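> Sharing a sequence plus its predicted fold:
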Amino acid sequence: MVMLKSADDIIGAARKLSREGKRRRVAVAAAQDVDVLGAVRSAYDDGICDGSLFGDEAQIRSLADANGMSLSNLDVIHQPDPAQAVMQAVAMASAGDADVIMKGFVSTSALLKGVLDRRFNLRAAPTLSHVAVLTLPGYHKLLMTTDGGMVVKPTFEQKLDILKNAVLVGKALGIDPVRVALSAATDEVTARMPQTAEDAGLVEWIRKEPIDGCEVAGPMSFDVAVSAAIAAREGIENAVAGNADVYLVGGIEECNITTKSMIIFAGAIFAGVIVGARVPVSVVSRTDPVIGKKASIALACLIADYYQRTAGER
Amino acid sequence: MAEPMTTFAQLLSRTRERAKSMRPVRAALVGADNASYLKMSARAAKEGIIEPILIGPQKAIMEIAGKENIDIGSCAFFDCTGKVDAVTAAIKLISAGDVDLLMRGNISTGLMLARLFERPTGLRSDDNLISHVAVFEHPLYPKFLLMSDGGVTVAPDIDKRLAIIQNAVTVANLLGVAMPKVAMLAAVEVIYLTMPVTMEAAVIAKMADKGQIKNCRIDGPLSMDVAVVPEVARQKGVTSDVAGQADILIMPNIETGNATYKAMSMFAKAKTAGVIVGGKVPIAISSRCDTEDDIFYSLTSGAWIALNR
């Protein structure tokens, strides 16, 4: 698979899957949300995916009407109770009839409760984490940041889980090896900054217990991770410096704030996904632009495809 | 107070006027053996805002100046070879009252700060906390955006956080913003008991409501987009007078501040300045990812602060 380098590439790859007869189906939990409806509509129209909308049918239809949106070719399954809509969407994915679960008018925690419900057997990794995939003008490829949405302050073990989850996303994007930079405010291990010691511990851990298809280095500050010129000037030579695919941070605030500053001020296009379950979970925000919402859905479809291609190996 | 300044061009012109009516700022460049820093110090001298004192190996500095064709005719020298000696020289100059501003040149920030503020050199004014304040000018934001702390305090407790806010408010005041709007940043704009950062932000915002923190308005927790994008603040229903129009972003920890600063400089192409405040003299400090212009903005900002102390 070729390495994808932008939101357009991600959307294009999902469309290609569809053309090859592997069109993916998105099950939306509580679809009575105008932004989510719009995102699924445009993803369908672009040939990215099919959609099954679980939710309050009357509300869904009136929202679509009020916004001049057709629901043709999207399945609407009436379920007025959001908690039940979650269960039905998750059950569909569990049965293998849907490839992606998408959040509608329901809280993320309620949705994930359904995803993690043991009856549905969708648990895969020990930790669910959020991966942001950025198309960042000025960077030579996609930049992933994680975790800015799920784990508030990861333990060492959780950080390892987050890393593995991000590597899977990288592989689904055709990246090989996935180069992971462990973030810090400096490039040296210093007792003053516990995060640097944890990074060093992770690097050492992975040296002993290698993770297939990735290169990991750190502690590494952001500029060294993404600029070959600065890495060279600082004399930092490794497989990641200046060429990171993933910037793995120490806490939710660090990821969320840094990522948003690139979206707001650097014009980065954001596609996001929650990984760690047997199916990817797509969460789009009202404030994402159309291309970002579409790229998020396409990203989830690519991950679903990767999971299915490699199911035996994982 | 005068109109708030919104660009580095305005700041330069005000600094020039002030330096003319008072005197140029005596600025010591610690580790002057670097072409970019030398060039920008010469530029600031030519603008009439500083009188540079070049600390470092004089021979090497002269060579760089010759090779790069930098006019250092008006600069004073303090010849020394080692990095530690350069900091020691700076400390001597500050203690004697012979400099008003430091600029970090070819020396690591960690080494410089550790030596400068090692007790009992007495370079802290009283027991003030020193902190790093970044100033951004970006075409998508209608005014200066300040951020702290991405450079000094690793994981501030609430007391230190208050000092960090106070230092940033002082800088905003000097830039003409009388009542700066301070956003306590978090990953979300509501309080979750599972997110300690949101709780601390809420406590500080409440302290400000009660009048315990002066000269500013504070709201928090706020997410980055709610803090600086009015449209997002509206969509998320956050109606404080800080949301969407923050002057100052207070970062939860040094890692966040550091990475955000670098993203703003490298990818958002913001004009940036960095200053460390809270000590006896301000310290202009640029990041290795900054442009030469950014070094000049740091010098200008430091000079302005020094002129208004």
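That came through fine.
> So what sits opposite the most centrally placed residue in chain B in the bridge?
For chain B, the residue nearest the mean C-alpha position is B:V275 (2.4 Å; CA atoms, centre = their mean). Beta-bridge pairing for B:V275 (DSSP bridges): B:V133, B:A284.
> doesn't B:A303 make contact with it?
No: the criterion here is CB atoms under 8 Å, and B:V275 misses it with B:A303 at 10.0 Å. C-beta: built from backbone N, CA, C; applies to glycine.
> Need the overlap of contacts for those two.
B:A284 (CB atoms under 8 Å, 6 or more residues apart in numbering or on different chains).
> re earlier: okay, the residue nearest to the centre of chain B: pLDDT?
You'll see B:V275 listed with a pLDDT of 98.
> Next up, the contacts around it.
B:H132, B:V133, B:V135, B:V171, B:P282, B:I283, B:A284, B:I285, B:S298, B:S301, B:G302, B:I305.
> gap between B:K181 and chain A?
B:K181 sits 17 Å away from chain A, taking CB to the nearest CB, to the nearest Å as the criterion.
> Quick check: closest non-adjacent residue to that residue.
B:V242 (4.2 Å; CB to CB, 6 or more residues apart in numbering or on different chains).
> show me what contacts that neighbour?
Here B:V242 is in contact with B:K181, B:V182, B:A183, B:R217, B:I218, B:D219, B:L222, B:A227 (criterion: CB under 8 Å, 6+ apart).
> rerun at 10 Å
By CB atoms under 10 Å, 6 or more residues apart in numbering or on different chains, the residues touching B:V242 are B:180-184, B:205, B:208, B:216-220, B:222, B:226-227, B:233, B:248.
> Relative to chain A, how far out is it?
To chain A, B:V242 is 16 Å away according to CB to the nearest CB.
> that's a strand at that residue, yeah?
No: if the criterion is DSSP: H, G, I helix; E, B strand; the rest coil, then B:V242 is coil and not within a strand.
> Now it, what are its backbone angles?
Here is the backbone geometry of B:V242 (degrees, to the nearest 10): phi -100, psi -40.
> Report pLDDT for residue 14.
With no chain named, the answer covers chain A. On the pLDDT scale, A:A14 is placed at 97.
> Chain B, not that one
The model reports B:R14 with a pLDDT of 97.
> And it, its phi and psi?
phi -70, psi -40.
> How about the contacts made by residue 244?
Let's take chain A. A:A244 is in contact with A:139, A:141, A:143-145, A:178-183, A:215, A:217-218, A:220, A:222, A:224-227, A:231, counting by CB under 10 Å, 6+ apart.
> was after chain B, sorry
By CB under 10 Å, 6+ apart, the neighbours of B:G244 are B:181, B:183, B:222, B:225-234, B:236, B:238.
> ok, now B:G176?
Residues in contact with B:G176 (CB under 10 Å, 6+ apart) are B:M1, B:A2, B:E3, B:P4, B:M5, B:T6, B:Q10, B:L11, B:R14, B:K143, B:F144.
> what does A:D161 give?
Counting by CB under 10 Å, 6+ apart, A:D161 has contacts A:A125, A:P126, A:T127, A:L128, A:S129, A:D147, A:V151, A:P154, A:T155, A:G276.
> just checking, A:R179 is part of a strand?
Yes: under three-state DSSP, A:R179 sits within a strand.
> For the stretch 201-314 of chain A, what lies in contact range of chain B?
A:219, A:221-227, A:229-230, A:233-234, A:247, A:249-268, A:285-287 (CB under 10 Å from any CB of the partner chain).
> Repeat the analysis, applying 8 Å as the threshold.
Within the stretch 201-314 of chain A, the positions near chain B by CB under 8 Å from any CB of the partner chain are A:221-223, A:226-227, A:230, A:233-234, A:247, A:249-258, A:260-266, A:268, A:286-287.
> Only the buried subset of the residues you listed, as a PyMOL command please.
Applying 16 or more other CB atoms under 10 Å in any protein chain shown to these, the buried members can be selected in PyMOL as follows:
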select buried, chain A and resi 221+222+223+226+227+230+234+247+249+250+251+252+253+254+255+256+257+258+260+261+262+263+264+265+266+268+287
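> Any stretches of the stretch 151-300 of chain A with poor pLDDT?
Of all residues in the stretch 151-300 of chain A, none has pLDDT under 70.
> Hmm, B:P57 is touching B:D79, no?
Yes: under the criterion of CB under 8 Å, B:P57 makes contact with B:D79 at 7.0 Å.
> Return the distance of the helix or strand bottoming out on mean pLDDT in chain B from the chain's centre.
Lowest by mean pLDDT, DSSP states H and E among the helices and strands of chain B is helix B:109-117, with a mean of 89. Offset of helix B:109-117 from its chain centre (CA atoms, centre = their mean, to the nearest Å): 16 Å.
> again, but for stretch B:95-109
That offset, for stretch B:95-109, works out to 14 Å (CA atoms, centre = their mean).
> Just checking that stretch against chain A, any contact.
No: counting by CB under 8 Å from any CB, chain A is not contacted by stretch B:95-109; separation bottoms out at 9.0 Å.
> Put the alpha carbons of that stretch into CSV.
Below are the C-alpha coordinates for stretch B:95-109, written out as CSV (Å, rounded to 0.1, in the frame of the first residue of the first chain):
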residue,chain,number,x,y,z
SER,B,95,24.9,43.0,40.4
ALA,B,96,26.9,46.1,39.6
GLY,B,97,23.8,47.7,37.9
ASP,B,98,25.6,47.8,34.6
VAL,B,99,23.0,46.0,32.5
ASP,B,100,19.3,46.4,32.0
LEU,B,101,18.6,43.3,29.9
LEU,B,102,20.1,39.9,29.2
MET,B,103,19.8,38.1,25.9
ARG,B,104,20.5,34.4,25.6
GLY,B,105,22.9,33.7,22.8
ASN,B,106,25.0,30.6,22.2
ILE,B,107,24.4,28.9,25.5
SER,B,108,21.8,26.4,26.7
THR,B,109,18.8,27.9,28.5
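> For the residue in the stretch 1-150 of chain B that chain A sits nearest to, give me its contacts.
Among the residues of the stretch 1-150 of chain B, B:H138 lies closest to chain A, at 5.6 Å counting by CB to the nearest CB. Shown in contact with B:H138 (CB under 8 Å, 6+ apart): A:F265, B:L145, B:M264, B:A268, B:K269, B:A270, B:K271.
> try B:T88
B:C80, B:R115.
> For B:F78, see how far away it is.
According to CB to CB, to the nearest Å, B:T88 and B:F78 sit 10 Å apart.
> Also B:K92?
According to CB to CB, B:K92 and B:F78 sit 9 Å apart.
> can you check B:L299 too?
Per CB to CB, B:L299 is found 18 Å from B:F78.
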